[in-house]
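**Student:** No letters, just coordinates:
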């Protein structure tokens, strides 16, 4: 061991004269090395920025390293860097103050000043780091860089992240037009398509100064804000076509290429970015989802013209899987804008049908519809005129014709829970978010859904019979072709037996035409009655109306001819129903109208005299004052009668009066 120690100390200076010279040489070399390494103040002299490694400096470092003084030199250098770092801090602060004075609208000045700041910091880093090459150890330069970045970011102004955000935002917005607004490609993308284009970073020093590892959140914030902007712009263009595809293209060509450009030449960073593009697509879908769910009520109102928006929303819903949020937003909008007393039942029913069709596009199994429909169905059940509106929709709604023809028979109790067939090879479990009472196997057509609002279909069938009877009573010239088709369609849904009464009504229509043809061949009457089988038609209330002589005579003549044709039967006219075609010849005009029996009776009385009081008319016609006033006002609106006042009565206007100024 003594020999090893002796050999180790062999090269150390001795106390001899030669040893003294070696000590002096080492001290001189260390001084030259320290001076060369000392962190320079680059603000004082431009020449000091680029220290030159002279032969003397190289020799000094060789002597120091040979004598094992390298670690101490580097340690002293790092201490000096920390001690002199306020020089950089003050220099940077001047730029920060300059940036704070620039107007937000002056993007060019903001960008150039920020670039100067980054360049200035890079000058400091180069000036202090270049001398380390004299050690001929790359690891020391890497260690210095890490230390420099750590000191820099710990002492930077709190305003720096805000200015960096603005700088990066300007950079993204300044991309070439072919990246920000690329030529549209007519194809559907399932994720962000990245067509790589070379994009230079706004400053080459962003990576060199360790900005991105420290401020990666700022970089992401700029990217995500741009994605939000793209989503708003594309979604704001309307619902007439798919917008998500175009938004994905813009994100891929713009944001993705810009982000790749920030790490140009860094293969490891480029590889790490690829999963980021998948997150971009998720965020884009989330933005689209939020926008479209906020608009979903209006999208449903606009259905089917908004089909494209629903397709986009369906894709976003699959990606983000926030079904409960969609349900909550739509339920809140429905409650606020639809389920209130101010909305007509017909409107509520129409939007319910649109909701059914729209949500089936978003979620074919029907779980979302089940959650949204419950409050609407309860609201409709509580309204007294819902049955009437449902029946009118079934009879008059042309949009339900195809479904009537293709769907199956509606059984009573369609809305009740059904037992699942576990042996069915096509059986699938209910979706995980389905409520316990949800059954995906229930009938799914619109008509069945409307009928199932009520526990039994009998109330719907009775209302159907009443409405069809009303429509048949209003038919002219016994032409019930449309009504026959409607009844046949409804038979497919409710069965032959349920609408047997309607078959009897149709038979009465055909028989009435045959009877009228026979009677008209005998007397040429202006009366064309519909002869009904009383037991099969809804109860029709009677009236106390006494017809004037002319109308009464026409009915009597027709009844006599009918009795002659069918001796075992008599007609009893219902004066509350019917329509009379009148042609009224006055002095200066001829008025042709279609009037009801009361209106026709009123005007016939004015053939006897031109002025009648209300009491005289009531005594002659034997109707209530309300019905009589309605009839008189109807003629007043036609410009045939004039109200002379309560005491004077009503007057026939043989000559039309001009409008009052």
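**Tutor:** Yes, it's here. If you're wondering where the values come from, they're calculated on a predicted model, not measured in any experiment.

**Student:** Go ahead and flag the most central residue of the chain.
**Tutor:** For the chain, residue 292 is the residue whose C-alpha lies nearest the centre (CA atoms, centre = their mean; 2.1 Å).

**Student:** For that residue, give me its contacts.
**Tutor:** By CB atoms under 8 Å, 6 or more residues apart in numbering, the residues touching residue 292 are 235, 299, 309, 312, 313, 316. The way it works is simple: take the backbone N, C-alpha and C, and place the C-beta from them, glycine included.

**Student:** Check those and tell me the two furthest apart.
**Tutor:** 299 and 316 (12.8 Å; CB to CB).

**Student:** Looking at the two, which has the bigger crowd around it?
**Tutor:** Neighbour tally, residue 299 and residue 316, criterion other CB atoms under 10 Å: the higher count belongs to residue 316, 26 against 22.

**Student:** name the helices or strands packed onto the helix or strand hosting the more buried one?
**Tutor:** Assigning secondary structure by DSSP states H and E places residue 316 in helix 307-320. Helix 307-320 sits against helix 244-250, helix 267-294, helix 296-301, helix 345-362, with contacts defined as 3 or more CB pairs under 8 Å, 6 or more residues apart in numbering; DSSP states H and E.

**Student:** how about the ones you listed, which one is nearest residue 196?
**Tutor:** helix 267-294 (9.7 Å).

**Student:** Going by neighbour count, list what's buried in that closest one.
**Tutor:** 269, 273, 277, 280-281, 283-293 (16 or more other CB atoms under 10 Å).

**Student:** Flag the shaky bits of the stretch 351-500 of the chain, pLDDT-wise.
**Tutor:** For the stretch 351-500 of the chain, the stretches flagged by pLDDT under 70 are 397-444.

**Student:** quick one, strands of it?
**Tutor:** For the stretch 351-500 of the chain, no strands are identified by DSSP state E, counting those that start in this stretch.

**Student:** How about the stretch 551-661 of the chain?
**Tutor:** 580-585, 590-595, 611-612, 641-643, 650-652.

**Student:** can you list these in JSON lines and add mean pLDDT and mean neighbour count?
**Tutor:** Listed next are these as JSON lines, based on pLDDT from 0 to 100; neighbours: other CB atoms under 10 Å:
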{"stretch": "strand 580-585", "mean pLDDT": "87", "mean neighbour count": "13"}
{"stretch": "strand 590-595", "mean pLDDT": "89", "mean neighbour count": "13"}
{"stretch": "strand 611-612", "mean pLDDT": "88", "mean neighbour count": "17"}
{"stretch": "strand 641-643", "mean pLDDT": "89", "mean neighbour count": "18"}
{"stretch": "strand 650-652", "mean pLDDT": "89", "mean neighbour count": "19"}
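
**Student:** Identify whichever of the ones you listed lies nearest to residue 60.
**Tutor:** Of the strands of the stretch 551-661 of the chain, nearest to residue 60 by CB to CB is strand 590-595, at 119.0 Å.

**Student:** what angle separates that closest one from strand 580-585?
**Tutor:** 160 degrees (axes from the mean of the first three to the mean of the last three CA atoms, to 10 degrees).

**Student:** What strands line up against strand 590-595, and which way round?
**Tutor:** strand 580-585 (antiparallel) (DSSP bridges).

**Student:** The strand it pairs with: how far from the chain's middle?
**Tutor:** From the chain centre to the centre of strand 580-585 is a distance of 55 Å (CA atoms, centre = their mean, to the nearest Å).

**Student:** what does it contact?
**Tutor:** For strand 580-585, contacts defined as CB under 8 Å, 6+ apart pick out 551, 590-597, 599-600, 603, 640.

**Student:** Residue 225 and residue 166 touch, don't they?
**Tutor:** No. The criterion here is CB atoms under 8 Å, and residue 225 misses it with residue 166 at 11.5 Å.

**Student:** who's more crowded, the two?
**Tutor:** Remark: of residue 225 and residue 166, residue 166 carries more neighbours, 18 against 15, as counted by other CB under 10 Å.
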